[in-house]
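> Task: produce atomic coordinates for the following.
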Amino acid sequence: MPRVSAKRQITLPASGCDELDIHPGDEVEILRHGNQFNIVKKQVGAAAGLLRGTKANSAVSDKQSRQGHFE
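You can find the predicted model right below:
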């Protein structure tokens with residue numbers, strides 16, 4: 001079972017990395033859901049087209065959008 005090092009590092013099991021096609025140097029994202037962490041391998045182009053068709057709300061300024069103060 002992996003242990004957390006003094007530097008808070010965790011070694012991923014080789015079998016899990018093989019299953020997820022994770023190799024040294026790959027970028028991963030760590031997502032938290034409650035008290036659970038999920039490790040996801042980043043994929044180039046995974047978000048391509050995600051915002052296609054999204055229209056800007058001209059009533060909201062850039063500053064309001066960045067601060068989340070809009071209704």
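> Which residue would you name as the spatial centre of this protein?
Glu29 (3.9 Å; Cα atoms, centre = their mean).
> Now do the phi/psi pair for that one.
Main-chain dihedrals, Glu29, degrees, to the nearest 10: phi -120, psi 140.
> Enumerate every residue touching it.
Glu29 makes contacts with 39-40, 42, as judged by Cβ atoms under 8 Å, 6 or more residues apart in numbering. In this view, the C-beta of every residue, glycine as well, is placed from N, C-alpha and C.
> now, among the residues you listed, which is nearest to Ile22?
Nearest to Ile22, judged by Cβ to Cβ, of the contacts of Glu29 is Ile39 at 8.1 Å.
> ok, of the contacts of Glu29, which come out buried?
When burial is judged by neighbour count using 16 or more other Cβ atoms under 10 Å, no member of the contacts of Glu29 is buried.
> would JSON lines of the residues you listed with distance to Ser65, secondary structure and pLDDT be doable?
Converted to JSON lines, the contacts of Glu29 look like this (distance: Cβ to Cβ, whole Å; DSSP: H, G, I helix; E, B strand; the rest coil; pLDDT from 0 to 100):
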{"residue": "Ile39", "distance to Ser65": "30", "secondary structure": "strand", "pLDDT": "90"}
{"residue": "Val40", "distance to Ser65": "26", "secondary structure": "strand", "pLDDT": "88"}
{"residue": "Lys42", "distance to Ser65": "25", "secondary structure": "coil", "pLDDT": "87"}
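> could the residues you listed go into CSV alongside distance to Asp21?
Shown next, in CSV, are the contacts of Glu29 (distance: Cβ to Cβ, whole Å):
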residue, distance to Asp21
Ile39, 13
Val40, 12
Lys42, 12
